[in-house]
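Visitor: give me a model of this one.
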Amino acid sequence: MSNGFTYSIKSIRFDEHYQPSDKTRLTTNFANLARGEQRQANLRKALDMINNCFNGLAHWDNPNKDRYSVELDIIHVDIDVAGNGETFPTIEILKTYIIDHKTNKRIEGTVGNNFSSYVRDYDFSVVLRSHNEGKNEFTVPADFGDLHGNMFKDFVQSSVYKANFNKLPVICLSVSDNKIYRRTSNQHPVLGVEYLPNESSLTEQYFQKMGMKVRYFMPPCSVAPFAFFFFGDLLNDYSTLELISTLSTMETFQKIYRPEIYNAHSIAGEIFQPSLKNQDCSLTQVVYDREERNRLATEQGKWCAEYFIQRHQPILEAWSAAFSDQQAGY
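Guide: Predicted coordinates:
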């Protein structure tokens, strides 16, 4: 759109030396690991878990399970709304690369994987909470997620995105702990068995406004299904190694942050209802403070409200309405 919105991208390597930038949401998976006295040990353990998971899934022609390793870049996206050079951090995603030590090739993986957004913090921690304050029944505003969804679609359609990435993003998240999932007969060789939810979650609806569809699969080595958000055709648009790079990265994060679901001692059955109260699970050796993460989400949402939404509200509202009309074909 000819609206003056411009995006800029910075790439930061995620390795044992990673230090979060001052623009990174501290609740983001990779940033949370890189804090405190155990930061370097946390990062090494997480990277080892990713590599072990990758080699476990890419087991063919890999007898010692050491053929591959995964490199990760954090993709930090800033937006200039007013066209004056002043930028605001919009999203952070991960780009994977696969190192094949047998052929000495560096293969591009997927972009997306993790998803971090200050505006999403604002929507869930400020807008939704304010909308339901004092009400007996939980409801969602009709325009909930519209601005965020339009900004994400605009970024993915932008020349900056196309110049940096060959394929559309795939984002992998945890399943919802208040939904029930049923196993189907559909099975993919890498993604595993497909599950279907009993109803749409708020997260599903939020990502739908970002233009993304969702499918749920439980990979062969996993104990619970994952939510895969994507454009196009998830099963045919991406190579086997690309899909494994997403799985290995995000299963590692979910084992750390959702051990009750993804490091449980029992495997999801035909009917599965995730529970964060499940104590029959193992904790990883990676240090993680969930309570701090929840508190910071609210603080970050308020920061976004003050320094982005309120500062640019007339521009953002007019742009979002015009973008919606354009997408609808008007």
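Visitor: pretty sure residue 128 is in a helix, no?
Guide: Yes: according to DSSP: H, G, I helix; E, B strand; the rest coil, residue 128 belongs to a helix.
Visitor: contacts only, for it.
Guide: 140-141, 144 (C-beta atoms under 8 Å, 6 or more residues apart in numbering). C-beta: built from backbone N, CA, C; applies to glycine.
Visitor: closest one of those to residue 75?
Guide: Closest to residue 75 out of those is residue 144 (25.8 Å), distances taken as C-beta to C-beta.
Visitor: and the pLDDT at that closest one?
Guide: Residue 144 is assigned a predicted lDDT (pLDDT) of 96.
Visitor: three-state assignment of it?
Guide: For residue 144, the reduced secondary structure class is coil; criterion used: three-state DSSP.
Visitor: can you report how many residues lie near it?
Guide: 19 (other C-beta atoms under 10 Å).
Visitor: just read off the phi/psi values of it.
Guide: Main-chain torsions, residue 144, degrees, to the nearest 10: phi -60, psi 120.
Visitor: ok, it - contacts?
Guide: Contacts of residue 144 by C-beta under 8 Å, 6+ apart are 123, 127-128, 131, 206.
Visitor: and the strands in this structure?
Guide: 6-14, 68-80, 88-100, 105-117, 170-174, 181-188, 192-197, 213-218, 226-230, 271-272 (DSSP state E).
Visitor: dump the contacts of residue 128 to a markdown table, plus distance to residue 272.
Guide: Output for those, formatted as a markdown table (distance: C-beta to C-beta, whole Å):
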| residue | distance to residue 272 |
| --- | --- |
| 140 | 25 |
| 141 | 31 |
| 144 | 27 |
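Visitor: quick one: least confident helix or strand in this protein?
Guide: helix 29-33 (a mean of 61; mean pLDDT, DSSP states H and E).
Visitor: so which of the strands of the chain comes closest to residue 136?
Guide: Once those are compared by C-beta to C-beta, strand 192-197 is nearest, at 25.8 Å.
Visitor: so which residues make contact with the closest one?
Guide: Applying C-beta under 8 Å, 6+ apart, the set of residues contacting strand 192-197 is 175-176, 179-184, 186-188, 204, 215-220, 222, 225, 268, 272.
Visitor: again, 7 Å this time
Guide: Contact partners of strand 192-197, identified using C-beta atoms under 7 Å, 6 or more residues apart in numbering, comprise 179, 181-184, 186-187, 215-220, 222, 225, 272.
Visitor: partner strands of that strand, parallel or antiparallel?
Guide: strand 181-188 (antiparallel), strand 213-218 (antiparallel) (DSSP bridges).
Visitor: out of the ones you listed, which is the most enclosed?
Guide: Across the strands paired with strand 192-197, averaging neighbours per residue (mean count of other C-beta atoms under 10 Å) puts strand 213-218 on top, at a mean of 20.
Visitor: next, the angle from that strand to strand 170-174.
Guide: Interaxial angle, strand 213-218 versus strand 170-174 (axes from the mean of the first three to the mean of the last three C-alpha atoms, to 10 degrees): 60 degrees.
Visitor: weed out the non-buried ones from the contacts of residue 144.
Guide: Among these, those scoring as buried are 123, 127-128, 206 (criterion: 16 or more other C-beta atoms under 10 Å).
Visitor: would JSON lines of those residues with distance to residue 278 and pLDDT be doable?
Guide: Shown next, in JSON lines, are the buried ones among the contacts of residue 144 (distance: C-beta to C-beta, whole Å; pLDDT from 0 to 100):
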{"residue": "123", "distance to residue 278": "28", "pLDDT": "96"}
{"residue": "127", "distance to residue 278": "31", "pLDDT": "95"}
{"residue": "128", "distance to residue 278": "26", "pLDDT": "94"}
{"residue": "206", "distance to residue 278": "25", "pLDDT": "97"}
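Visitor: may I ask which two of those residues are separated the most?
Guide: It's 127 and 206 that sit farthest apart of those, by C-beta to C-beta, at 11.5 Å.
Visitor: flag the shaky bits of the stretch 201-330 of the chain, pLDDT-wise.
Guide: Residue ranges of the stretch 201-330 of the chain with pLDDT under 70: 288-294, 329-330.
Visitor: which residues of the chain fall in helices?
Guide: Per DSSP state H, the chain carries helices over the ranges 29-33, 39-57, 118-122, 128-132, 146-157, 159-164, 202-208, 240-257, 259-262, 290-304, 310-327.
Visitor: dump these to a markdown table, plus distance to residue 17.
Guide: What follows is the helices of the chain, written out as a markdown table (distance: least, C-beta to C-beta, whole Å):
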| stretch | distance to residue 17 |
| --- | --- |
| helix 29-33 | 13 |
| helix 39-57 | 8 |
| helix 118-122 | 25 |
| helix 128-132 | 37 |
| helix 146-157 | 28 |
| helix 159-164 | 23 |
| helix 202-208 | 32 |
| helix 240-257 | 18 |
| helix 259-262 | 26 |
| helix 290-304 | 23 |
| helix 310-327 | 34 |
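Visitor: closest to residue 79 out of those helices?
Guide: Among these, helix 146-157 sits nearest to residue 79 (C-beta to C-beta), with 7.0 Å.
Visitor: what's the offset of the closest one from the middle of its chain?
Guide: 15 Å (C-alpha atoms, centre = their mean, to the nearest Å).
Visitor: any chance of the strands of the chain in TSV, with distance to residue 252 too?
Guide: What follows is the strands of the chain, written out as TSV (distance: least, C-beta to C-beta, whole Å):
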stretch	distance to residue 252
strand 6-14	12
strand 68-80	10
strand 88-100	11
strand 105-117	11
strand 170-174	11
strand 181-188	20
strand 192-197	16
strand 213-218	16
strand 226-230	12
strand 271-272	21
